[in-house]
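A.B. asks: No sequence on hand, only this structure:
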């Protein structure tokens, strides 16, 4: 008999995640909706990550474990997980976060009943290194406008953390994006979610389903440290070249290839050009830095 694809694929990128990894894996395995696969991509960890993953994969056939032969950077590792996935729906889940056991069930219910929704997520709580509650976080990304341009422009006015990618996304829409990019600029998750608004609506369930752990080893701990961000996204110490300009060009390309009307595209192009003008100081500073490096 032909193999029946799973409904949901969970992609877990990990690098030296032994401290919280077991908790994150169990949070996935305990989901009330169980038709899923958990794909773990180990970015050449040097701690006990490999042992933990292999032990879990022996006891649960839903777990697939891949160890990279070198650190390929977060962008490539996140993308690799998507390409390995077989499910109709996809979500990333970091190896230091937690989630409600109802996340799959509740997000899938929305996605199955609303074909125009490309992403569904629940509210977020921020937790500390020991799992203690720190604060609620309001993502404000319930974007159900019929107009893609309205969704896209509103997104930039409200986006902060990109917790929604740890909800559930429609694979067919995600496949049309650039995913996490090529590692040439930081915070590619911001671009990814912006791209998704071009293809459908984002739905927020008014219930906490995701627990984001903030600790000093987390990639989001210090977004202002360029060295940390460069190493995280690329896996190397090479510096980003004109990242602000590249982020905006990537958005312009995404808008152009989207299936929206010319009028909608023009509105979005105009918005991005205004944003680029607002960021001109950053672009200029990065250009000067690039010329000095040359």
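C.D. replies: That came through, no problem. No experiment lies behind these values; they were computed from the predicted model shown. Residues are numbered from 1 along each chain as shown.
A.B. asks: what is the rounded mean pLDDT of the lengthiest helix in the chain?
C.D. replies: For the chain, the helix that runs over the most residues, judged by DSSP state H, is helix 262-278. Averaging pLDDT along helix 262-278 gives 97.
A.B. asks: so where's this structure uncertain?
C.D. replies: Low-confidence segments of the chain, defined by pLDDT under 70: 1-3, 217-226, 293-294.
A.B. asks: how about the strands in it?
C.D. replies: Under the criterion DSSP state E, strands of the chain are mapped to 8-14, 36-42, 63-67, 89-92, 98-99, 117-127, 133-137, 168-170, 201-213.
A.B. asks: packing partners for the shortest one?
C.D. replies: Taking 3 or more Cβ pairs under 8 Å, 6 or more residues apart in numbering; DSSP states H and E as the contact definition, the neighbouring helices and strands of strand 98-99 are helix 21-29, strand 201-213. Placement of C-beta: from N, CA and C, glycine included.
A.B. asks: Please list all residues in contact with the most centrally placed residue in the chain.
C.D. replies: With distances taken as Cα atoms, centre = their mean, the residue of the chain nearest its centroid is residue 165 (4.4 Å). Applying Cβ atoms under 8 Å, 6 or more residues apart in numbering to residue 165 gives the contacts 91, 92, 119, 121, 189, 192, 193.
A.B. asks: pretty sure residue 240 contacts residue 186?
C.D. replies: Yes - if you go by Cβ atoms under 8 Å, residue 240 and residue 186 touch, sitting 6.5 Å apart.
A.B. asks: ok so, going back, distance-wise, check the residue nearest to the centre of the chain relative to residue 171.
C.D. replies: Here the criterion is Cβ to Cβ, to the nearest Å. By it, residue 165 lies 13 Å from residue 171.
A.B. asks: Stretch 245-262: which residues count as buried?
C.D. replies: Buried residues in stretch 245-262, defined by neighbour count with 16 or more other Cβ atoms under 10 Å: 245, 246, 247, 248, 250, 251, 254, 255, 258, 260.
A.B. asks: Now the second one: closest residue in space that isn't a chain neighbour?
C.D. replies: Yep, that's residue 246 we're talking about. In this structure, residue 246 finds its nearest non-sequential neighbour in residue 185, 4.6 Å apart by Cβ to Cβ, 6 or more residues apart in numbering.
A.B. asks: wait, doesn't the one you found sit right on residue 249?
C.D. replies: No - using Cβ under 8 Å as the test, residue 185 is too far from residue 249 to be in contact (9.5 Å).
A.B. asks: tell me, how many neighbours does residue 206 end up with?
C.D. replies: By other Cβ atoms under 10 Å, the residues close to residue 206 number 7.
A.B. asks: mind listing which of the buried residues of stretch 245-262 are in helices?
C.D. replies: The members of the buried residues of stretch 245-262 that map onto helices under DSSP H are 245, 246, 247, 248, 250, 251, 254, 255.
A.B. asks: Closest one to residue 111 out of those, please.
C.D. replies: Taking Cβ to Cβ as the measure, residue 111 lies nearest residue 254 of these, at 22.0 Å.
A.B. asks: Next, the contact list for the closest one, please.
C.D. replies: The neighbourhood of residue 254, defined by Cβ under 8 Å, 6+ apart, consists of 177, 178, 191, 194, 195, 198.
A.B. asks: nearest to residue 284, of the residues you listed?
C.D. replies: Residue 284 has its nearest neighbour among the contacts of residue 254 in residue 191, at 21.3 Å by Cβ to Cβ.
A.B. asks: Give the closest residue to that closest one in space, chain neighbours not counted.
C.D. replies: Excluding its sequence neighbours, the residue lying closest to residue 191 (Cβ to Cβ, 6+ apart) is residue 250, at 5.6 Å.
A.B. asks: ok, which stretches of the stretch 51-200 of the chain are helices?
C.D. replies: Here the stretch 51-200 of the chain has its helices, by DSSP state H, counting those that start in this stretch, at 73-84, 103-113, 148-158, 171-174, 188-196.
A.B. asks: and those helices, which is most packed in?
C.D. replies: Most buried of these, by mean neighbour count (mean count of other Cβ atoms under 10 Å): helix 188-196, with a mean of 23.
A.B. asks: From the contact counts, what lies against it?
C.D. replies: Helix 188-196 makes packing contacts with strand 117-127, helix 148-158, helix 243-257 when contacts are defined by 3+ Cβ pairs under 8 Å, 6+ apart.
A.B. asks: how far off strand 117-127 does that helix point, in degrees?
C.D. replies: Here helix 188-196 runs at 150 degrees with respect to strand 117-127, directions being taken by axes from the mean of the first three to the mean of the last three Cα atoms, to 10 degrees.
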